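[1] Kindly generate the corresponding structure for this input.
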Amino acid sequence: MDFFRAQDDARRRTQWLAILFNLSLITLLVMSNGLLYLLLRYGAETSAPGAAVYSPDDPTAYVLISFLIVLVVVLSSLFKSLSLRKGGRAVAEMLSAKLLVEASTPGEQRLLNVVEEMAIASGMPVPPVYIMEEPAINAFAAGHSTANAAIGVTRGAIEKLTRDELQGVIAHEFSHILHGDMRLNLRLIGWLYGIMVLGLVGQYLVRAASVSRRNNNNTALVFMGLGLVVLGASGSFFGSLIKAAISRQREFLADASAVQYTRNPDGIASALKRIAADTAAPYLVNPAAAQISHALFSEGLQTNINNLFTTHPAIEKRIKALDPHWQPGQVEQKTEPSPTHSVKHGEVPPAAKLSAAAAVSMAFARVGNPDAADIKRAKLLRDALPQNILQAARDSQGAVALISALMCRANSCNASLISLPALRSEILRLLPTVSELTEEQCLLLVNFCLSSLRQLSAQQYQTVRKNWEQITVTAMSFDGWLLYELVNSHLDRYFGFKDEPHNRREIFELQPQLSVFFSMLADCGHDNHQQAQQAFEVVKSLKGFEKLQQHNAGDLTLQSFQDACTALRSLKPSAQQELMSAITACVYYDKMVSVDEHKIMRTVCEILGCPLPAAIDRS
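    Sure thing, here's the model as predicted:
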């Protein structure tokens, strides 16, 4: 699936969601005004207290009730949406899931390994993993973007699934992350919460009427309460229909993507078969599961009315789509695959050589779209990392020290620039090992650290960021700035320190900045001026880039390159796609990728918010 097209499709589905939400709200307003008319008519006929305030024919009452309902719905939706601003972490906490930092069982370690492999293959930061203490087999991915995504897995999935089955489930969830589904899922939670709050208000009024001693007011309260309960139930009805309409088809696509990623249809198909046969604990018991039901791997709640409200296709249909020969009742025996060969520290297999055209096409197609080769290589890359470094990267404070050590390495400076004594001591301990890592391993290590750094508080991050600024300002280098920008682009977005640009721009509007950017990219990736000029001409041959002007290497500065990269944030999604195409054409002009080109591509992808597989052909 095309990553950029998938993002556009997700935005269109958000607009469709807004239309459905507004239609539901209008329907509720019509119903509420109808109920109010009946209440006022009853009051006028019985001369109940309050009947003289408004008559059934007075429009003021209907305007007032409509305003109040819209106010309750909007404020409730806004409150819920704000409570989910931390993305996947907020959803996990809502479900009382616990963060998995250090595995205590083989199953937990297997889960961490699978998630890490998928993240490395996708080129995105390793999302934090949460465990729900539920016997059912299920999982979810939640977040607004790759910057705050999280993976949640039930205890039942950890204990009942094989590695291949678990990999199929995790690949399915990564599809939702990479293709924008989880952003829509979070908006569904926030928006629909406002509609369902009406029912909670109605229940409160009914209870208030039952304990009120002023009998004259009881009837009005009961009527109002029951009316709101009906509206709340109607809101839940519409909300469930919207969730079902939005979610069902995406599950088939995520299943297909999981097969595409892993090249193993048996993995996810077998996981679904195991769920179909698991009659002892098929559903989640957490009361908050209803809010996130549409984001689960499989149906998490029992539904009725001929499956009208099911957020997932029938599991039998999903299995049949993957395994047409399957018959209900068939379940494979739980067997683990034979262990793969071990990898020595530093041993990473070379990537296959490709023609320039094939390399550009493949690299571009793999943005947000990893394949089985990426996953296999990701496992080997992770296993080649020193265990003490990998363990430190999984802890927030260890990740701070590792990123600091990487910045010291990139800027060729020592830890004396760090003002925090405890951090300086940890950096000195890690620096000898970090210094021996390859450039590819350093980039890979950043993926692990970003996930752990998201566990910091906003205040802790600000303190750490000041230390990183001190390193880069005091001993600035091109490599050091790329690392600094890569890390802080991600974390600033996560902690809300960097707003998304409001005015999106086209390629033709950034010609001066793009001229600087591609001049630097061409110069970094080629041995002489002639090759750099030829690579730049390849970019100019692309539509929209014809007016670029190449700068001499001596005229380029780090500051001008920084300014150019900052301007790239404002590009429209369609323009981002054009930019990535031009970058890959420039980089693969000479049929190879240099270390500096790799770093620039990774940094730009983080600036744009699009993941890039960690392993790129550099042969």
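
[2] What lies in contact with stretch 247-254?
    1, 172-173, 175-176, 179, 181, 185, 294-295, 310-313, 318, 321 (C-beta atoms under 8 Å, 6 or more residues apart in numbering). Bear in mind the C-beta positions are built from the backbone N, C-alpha and C, glycine included.

[3] so which pair among the residues you listed is furthest apart in space?
    By the measure C-beta to C-beta, Met1 and Thr310 form the most distant pair in those, at 24.2 Å.

[4] out of those two, which sits in the more crowded spot?
    Thr310 (22 against 16; other C-beta atoms under 10 Å).

[5] right, and the more buried one touches Leu241 too?
    No - using C-beta atoms under 8 Å, Thr310 is not in contact with Leu241; the gap is 10.8 Å.

[6] could I have stretch 127-137 exported to PDB, CA atoms only?
    The C-alpha trace of stretch 127-137 is given here as PDB (Å, rounded to 0.1, in the frame of the first residue of the first chain):
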ATOM      1  CA  PRO A 127       6.400   1.800  20.100                       C
ATOM      2  CA  PRO A 128       6.000   1.100  23.800                       C
ATOM      3  CA  VAL A 129       4.300  -2.200  24.500                       C
ATOM      4  CA  TYR A 130       1.500  -2.600  27.100                       C
ATOM      5  CA  ILE A 131       0.000  -5.800  28.500                       C
ATOM      6  CA  MET A 132      -3.700  -6.200  29.300                       C
ATOM      7  CA  GLU A 133      -4.300  -8.800  31.900                       C
ATOM      8  CA  GLU A 134      -7.000 -10.500  29.900                       C
ATOM      9  CA  PRO A 135      -7.300 -14.200  29.100                       C
ATOM     10  CA  ALA A 136      -8.800 -13.400  25.600                       C
ATOM     11  CA  ILE A 137      -6.600 -13.200  22.500                       C
END
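
[7] Okay, domains of this protein per the record?
    The chain is divided into the following domains under automatic domain parsing: 1-332, 385-495, 507-608.

[8] Okay, strands next: where are they in the stretch 51-200 of the chain?
    Under the criterion DSSP state E, counting those that start in this stretch, the stretch 51-200 of the chain contains strands at 98-99, 129-132, 139-142, 150-154.

[9] Reformat those as CSV; add mean neighbour count and mean pLDDT.
    Output for those, formatted as CSV (neighbours: other C-beta atoms under 10 Å; pLDDT from 0 to 100):
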stretch, mean neighbour count, mean pLDDT
strand 98-99, 14, 94
strand 129-132, 23, 96
strand 139-142, 28, 93
strand 150-154, 28, 95
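
[10] Give me the below-cutoff pLDDT ranges for the stretch 501-619 of the chain.
    The stretch 501-619 of the chain contains residues with pLDDT under 70 at 611-619.

[11] and with 80 instead?
    501-503, 525-527, 573, 591-593, 595, 609-619 (pLDDT under 80).

[12] For it, just list every one of the helices.
    Per DSSP state H, counting those that start in this stretch, the stretch 501-619 of the chain carries helices over the ranges 511-524, 529-540, 558-568, 573-587, 595-608.

[13] same question, the stretch 201-350 of the chain
    Using DSSP H, counting those that start in this stretch, helices in the stretch 201-350 of the chain cover 215-262, 265-277, 289-292, 315-322.

[14] Contacts for the third one, please.
    Here helix 289-292 makes contact (C-beta under 8 Å, 6+ apart) with Val91, Met94, Leu95, Phe140, Ala142, Asn185, Ile189, Tyr193, Leu296, Gly300, Leu301.

[15] ok, Asn22 - how many residues close by?
    Neighbours of Asn22 (other C-beta under 10 Å): 11.

[16] And the pLDDT for it?
    Turning to Asn22, the model gives it a pLDDT of 79.

[17] That one in helix, strand or coil?
    helix (DSSP: H, G, I helix; E, B strand; the rest coil).

[18] Quick check: it vs Gly34, distance?
    19 Å (C-beta to C-beta, to the nearest Å).

[19] How about the contacts made by the residue lying closest to Gln550 once chain neighbours are set aside?
    The shortest distance from Gln550 to any non-neighbouring residue, by C-beta to C-beta, 6 or more residues apart in numbering, is to Phe536 (4.7 Å). Applying C-beta under 8 Å, 6+ apart to Phe536 gives the contacts Phe518, Ser519, Ala522, Leu548, Gln550, Cys586.

[20] Over to Ile242?
    Ile242 makes contacts with Leu17, Leu20, Phe21, Ser24, Leu188, Leu192, as judged by C-beta under 8 Å, 6+ apart.

[21] And the furthest pair within the residues you listed?
    Longest span within the contacts of Ile242, C-beta to C-beta: Ser24 and Leu188, 12.0 Å.

[22] Burial check on Cys605, number of neighbours?
    23.

[23] ugh, wrong one, His598
    21.

[24] Leu443 is in contact with that one, correct?
    Yes - in this structure His598 lies within contact range of Leu443 using C-beta under 8 Å: 7.0 Å.

[25] rewinding a little: out of the helices of the stretch 201-350 of the chain, which gets nearest to Ser489?
    helix 215-262 (25.4 Å).

[26] neighbours of Asn528, just the number please.
    Using other C-beta under 10 Å: Asn528 sits among 9 other residues.

[27] er, Ala410 actually
    Neighbours of Ala410 (other C-beta under 10 Å): 22.

[28] So for the helix or strand where it lies, mean pLDDT?
    For Ala410, the host element (DSSP states H and E) is helix 396-411. Across helix 396-411, pLDDT averages out at 90.

[29] what's the answer for stretch 301-315, then?
    70.

[30] please begin residue numbering at 118 from this point
    Got it, the first residue is 118 from now on, which makes the last one we talked about stretch 418-432.

[31] coming back round to it: what helices or strands is the helix holding Ala527 leaning on?
    Packing partners of helix 513-528 (3 or more C-beta pairs under 8 Å, 6 or more residues apart in numbering; DSSP states H and E): helix 504-510, helix 538-552, helix 556-570, helix 575-591, helix 595-612.

[32] the inter-axis angle of that helix versus helix 595-612?
    150 degrees (axes from the mean of the first three to the mean of the last three C-alpha atoms, to 10 degrees).

[33] how near is Tyr706 to Asp640?
    Applying C-beta to C-beta, the value for Tyr706 to Asp640 is 13 Å.

[34] In contact with Val376, which residues?
    Val376 neighbours (C-beta under 8 Å, 6+ apart): Gly285, Pro382, Ile385, Leu439.

[35] Let me know how buried the second one is, in neighbour terms.
    The number of residues packed near Pro382 is 17, by other C-beta under 10 Å.
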